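[1] Need coordinates for the following:
(one chain, ligands or ions: 1)
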Amino acid sequence: MFQILWNKTIIAAPVRSLLLHPRCNKTSDIWTLSRWYISPRSNGYSSTQQPGNTVSRICSLTKRTVHRSASETFKLPAVSLKFILGPALLTVSAQLFCHVAYCEADVNNNTQIEVAAKSPEPEFKWHILWEFVKPQLFALIGAVVLAFGAAILNIQIPLMLGDLVNVVACYLREQTGNYVHEISGPALKLLGLYGIQGLLTSGYIILLSKVGERVAADMRKTLFGSLLRQDVAFFDANKTGQLVNRLTADIQEFKSSFKLVISQGLRSITQTVGCFISLYIISPKLTGLTVVVLPCLVGAGALIGSFLRKLSRRAQEQVAKATGVADEALGNVRTVKAFAMEEQELQLYSCEVDKSCEVNENLGAGIAVFQGLSNIALNCIVLGTIFAGGTLISNSEMSPGDLMSFLVASQTVQKSLASISILFGQVVRGISSGARVFEYLTLEPTIPLTGGGRIPYHSLIGRVDFMNISFSYPTRPGHEILNKFNLTLPPGKTVAIVGESGGGKSTVASLLERFYDPNSGVIMLDGLDIKTLDLSWLRGQVIGFINQEPVLFGSSIMENIRFGKPEATDAEVINAAKQSNAHRFITGFPDGYNTVVGERGVTLSGGQKQRIAIARALIKNPSILVLDEATSALDAESERVVQEALDKATRGRTVLIIAHRLSTIQGADLICVISNGHIVEAGTHLELLSKGGLYSDLIRRQRAAGQK
Ligand SMILES: Nc1ncnc2c1ncn2[C@@H]1O[C@H](COP(=O)(O)OP(=O)(O)OP(=O)(O)O)[C@@H](O)[C@H]1O
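    This next block holds a predicted model:
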């Protein structure tokens, strides 16, 4: 009987090929697959992609690799490990792969690990997930039903294959009857089952990807909105890269896990239980053998796996180090070039890459040994099963069809077990990514952007009073910057604040903008505490802010100026540009107002950027203008042009100038000298000079520095 199976039946073909054909050991396939699971990120991408220029790009590649690792896993059993007891070894492998992929994610998210070490891990909040899933509930239920249906059909397939083989075996044995007629019944049934199963599979994947994408898109929009609403203090405490990571990589990770858990999780559990029952019904003896061999393989696999995981972690750390060197050099390429450090940076990078190469080679050797042992074990298991199954057939305890059913059902179990073990790691990753996303979704800013009163435009006078302000930055609570600080900005007048570097001048401007709230004291606008006023109105319509290093967006000049007033017409934009002495140089560009300024305005000179920033502030016609060292970064000629623009801009408005270069504020109505957190001198330029105090001291020191 075994001979018949070996020579003639459809079981023999794949088994023989697996045992006899060297290429069918699929070492290369296993190796290729293992690259997705075990080897570092670079193995998956480096042949076609150079390391990214930035860490974020590298992070996203890494995440994609990990994500892909999980989804590719389901191809593994189909490629080579097709037969009996495969589940055992495959489960071990899958666990190993899963853990290693997890290490990969960990290592590549070093920054996140650091943060996690400092602050407690955020909690996953199911009710928030529910809010996102609720609008997609019908599609989700549809997907679950279809996935469940596909799983149930999958359990039927091995049994029907067995029926088919029994017909073939019977015909081969007896050579009587109409073969086509006898085979067509079960074959058509099986074909129908395949068709329905394919349809169900397509259906649930379509629905699930719709649900996953929509949930992820909603999460991204909500999270971005929530981040934008946060106070400036929040951004002082959190790195931009980490925040962007939550918007991109974490949501991506969560989406993948969400989809995978629902589709594969449901299918795999149903199939494992169903097919295990089928296995037991087909042959309790053969199933018993499976259960005996399983723990030995799990133990051996776990041992080698833990060693490989350690090696993989080391390899990843080394890759991360090399990436760090490249990122720093490319991110600061101007400085590197200015100091002619290209060669040194290359050497530094090469050194790290060589170390990484060595560790990865060791890892590769370890994987090779592991895969070699797996191949031997799997092939022996297949042989053993054919042998044991054949013995049962020869004792008439089993039919050839039963052996076929057993083989296919066990393949389904192995696929499902592999999926489940991968899923376990994916669930953990998904939950922690989700928790990181949800953490900021629910975070309420301490300074609300909207709500509160507004002063009608015609009755707004523009008087500002700082009354007894004490303040320390939230990130340095013990370090008081302002201490019982008092200052009045009379309406329509220009007040300048001068003082030592680090004395708190810019802090005064930040408090007026309500980037932070004072620890004590009040800031009044026209006699009203600004905490009671609508913050969007205050920032959007009342205060115009121009600082030392204006940041432009990488869009056109027109859009950059219109940023100050989104509803402004083209004529208003041009008018603002004229007021800020920018119109001439803008119209000198071939594309005029449609000139794209490059990332952060990199294609413009400092003076040009500053004048666009002035136009952006003026377009909203603010009653109060805050100039934070607006000309200190410019050369003499640019400063003259910008100063002219500022002189025009400040007319008729309440102006607060934070000045470093004392020459630019001599015409101010009031000059205040800040020291030790409060105003120690105030008066006009001449008054303060005649006093011979701190101001005249500052002037003297600045002149002396200028002469040097
Ligand atoms: N976001 C922040 N978080 C914590 N401390 C800050 C922050 N911004 C400024 N500081 C600290 O507050 C103090 C005052 O800073 P501020 O920028 O107001 O000084 P400044 O007088 O404008 O200085 P300069 O003339 O050099 O610009 C400094 O000691 C500075 O280190």
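[2] which residue sits closest to residue 526 in space, ignoring its chain neighbours?
    Leaving aside its chain neighbours, residue 526 sits nearest to residue 461 (5.1 Å; criterion: CB to CB, 6 or more residues apart in numbering). Yep, even glycine has a C-beta here, placed from its N, CA and C like the rest.
[3] State whether that neighbour is indeed within a helix.
    No - Residue 461 is assigned coil when assessed by DSSP: H, G, I helix; E, B strand; the rest coil, not a helix.
[4] Next, count neighbours for it.
    Other residues near residue 461 come to 14 when the count uses other CB atoms under 10 Å.
[5] and what of the one 4 residues further on?
    Counted with other CB under 10 Å, the neighbours of residue 465 add up to 17.
[6] hmm, the strand or helix carrying it touching the ligand?
    Using DSSP states H and E, residue 465 sits within strand 464-472. No - using CB under 6 Å from any ligand atom, strand 464-472 never reaches the ligand; the gap is at least 8.2 Å.
[7] Show me what that strand is packed against.
    strand 480-489, helix 505-512, strand 520-525 (3 or more CB pairs under 8 Å, 6 or more residues apart in numbering; DSSP states H and E).
[8] Could you single out the most deeply buried of these?
    For the helices and strands packed on strand 464-472, the largest average neighbour count (mean count of other CB atoms under 10 Å) is found in helix 505-512, namely a mean of 21.
[9] any idea how far the ligand is from the residue nearest to residue 526?
    Distance from residue 461 to the ligand, counting by CB to the nearest ligand atom, to the nearest Å: 27 Å.
[10] same check, this time on residue 692
    Residue 692 is 23 Å from the ligand, by CB to the nearest ligand atom.
[11] One more: residue 622?
    Taking CB to the nearest ligand atom, one finds residue 622 at 21 Å from the ligand.
[12] Contact partners for that residue?
    541, 542, 543, 544, 653 (CB atoms under 8 Å, 6 or more residues apart in numbering).
[13] now the strands for the protein?
    Using DSSP state E, the strands of the chain run over residues 464-472, 480-489, 494-499, 520-525, 528-529, 543-547, 624-628, 654-658, 670-675, 678-683.
[14] Just give me how far the longest one sits from the chain centre.
    A distance of 41 Å separates the centroid of the chain from that of strand 480-489, by CA atoms, centre = their mean, to the nearest Å.
[15] now swap in the fifth one and tell me
    Offset of strand 528-529 from its chain centre (CA atoms, centre = their mean): 41 Å.
[16] Just checking: what are the partner strands of that strand?
    Applying DSSP bridges, strand 528-529 is found paired with strand 520-525 (antiparallel).
[17] Contacts for the partner strand, please.
    Contacts of strand 520-525 (CB under 8 Å, 6+ apart): 455, 462-470, 484-485, 511-512, 529-531, 533, 538, 542.
[18] got the angle for that strand vs strand 464-472?
    150 degrees (axes from the mean of the first three to the mean of the last three CA atoms, to 10 degrees).
[19] CA atoms only for strand 520-525, dumped as PDB, please.
    C-alpha atoms of strand 520-525 as PDB (Å, rounded to 0.1, in the frame of the first residue of the first chain):
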ATOM      1  CA  SER A 520       1.100  84.200  39.500                       C
ATOM      2  CA  GLY A 521       0.000  87.700  38.500                       C
ATOM      3  CA  VAL A 522      -2.200  88.700  35.600                       C
ATOM      4  CA  ILE A 523      -1.700  90.100  32.100                       C
ATOM      5  CA  MET A 524      -4.500  92.500  31.100                       C
ATOM      6  CA  LEU A 525      -5.600  93.600  27.600                       C
END
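[20] Which residue is the nearest non-sequential neighbour of the residue of the stretch 201-350 of the chain found nearest the ligand?
    Of all residues in the stretch 201-350 of the chain, the one sitting closest to the ligand is residue 236 (4.5 Å; CB to the nearest ligand atom). Leaving aside its sequence neighbours, residue 236 sits nearest to residue 475 (CB to CB, 6+ apart; 5.0 Å).
[21] Ok, residue 469 next?
    residue 521 (3.8 Å).
[22] Please report how far that neighbour lies from residue 190.
    82 Å (CB to CB, to the nearest Å).
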